[in-house]
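Novice: here you go, sequence then predicted model.
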Amino acid sequence: MDCVFCKIISGDIPSFTVYEDELVYVFLDINPSTNGECLVVPKAHYANILDIPTEVIAHIHEVSKKVYDILKNTLSIDGLTLIQNNFYGQEIKHYHLHLTPRYKNDSLEQCFNKDILIDVEDIYQKIKSAIE
Ligand code: AMP
């Protein structure tokens with residue numbers, strides 16, 4: 001399969017390994033939003049949230065706690081934001097969780113366009129029809 005992350009996991013493409021176990025591989029994002037951004041990737045190829053078993057997601061989150069400790073102890077991060085893109089916004093079609101270290105001066109809040117937001121109540125009315 002022509003997948004960049006499968007090639008990283010197999011060692012065909014080099015990466016900066018942060019953690020590895022039987023199920024997941026964690027490495028530094030080559031184009032990070034903040035210093036120390038990591039990607040937690042299942043070794044098996046699952047494309048997205050609809051594809052990956054829930055137990056594997058649970059393991060990815062357990063591993064994320066270990067990586068948080070590593071980042072806290074080495075980079076003195078102030079927080080950690082978890083992002084996982086599916087379909088639109090997903091560049092690599094192999095499930096991965098972004099662990100984005102937060103720093104008090106990182107200004108990451110400014111990355112979404114707040115001008116396109118509409119009232120939350122109106123949003124709920126649109127969603128409601130699907131849950132009644
Ligand atoms: P996404 O848009 O959620 O699919 O994010 C894909 C991420 O993979 C991006 O943040 C890229 O910078 C990162 N990425 C792509 N190729 C590599 C690579 N060879 N090594 C490390 N990170 C990569």
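Specialist: Received it, and whenever you're ready, just let me know what you need. Residues are numbered from 1 along each chain as shown.

Novice: burial count for Pro42?
Specialist: 21 (other C-beta atoms under 10 Å). Glycine gets a C-beta too; all of them are placed from N, C-alpha and C.

Novice: quick one: it from the ligand, how far?
Specialist: Pro42 is 14 Å from the ligand, where distance means C-beta to the nearest ligand atom, to the nearest Å.

Novice: check Ser33 too.
Specialist: On the measure of C-beta to the nearest ligand atom, Ser33 and the ligand end up 8 Å apart.

Novice: helix, strand or coil: sort out that residue for me.
Specialist: Following DSSP: H, G, I helix; E, B strand; the rest coil, the label given to Ser33 is coil.

Novice: and for it, the neighbour number?
Specialist: Counted with other C-beta under 10 Å, Ser33 comes out at 15.

Novice: just list the residues touching the closest residue to it other than its chain neighbours, thanks.
Specialist: Using C-beta to C-beta, 6 or more residues apart in numbering and skipping residues adjacent in sequence, the residue nearest Ser33 is Thr100, 5.3 Å away. The neighbourhood of Thr100, defined by C-beta atoms under 8 Å, 6 or more residues apart in numbering, consists of Pro32, Ser33, Thr34, Glu37, Leu80, Thr81, Leu82, Ile83, Leu108.
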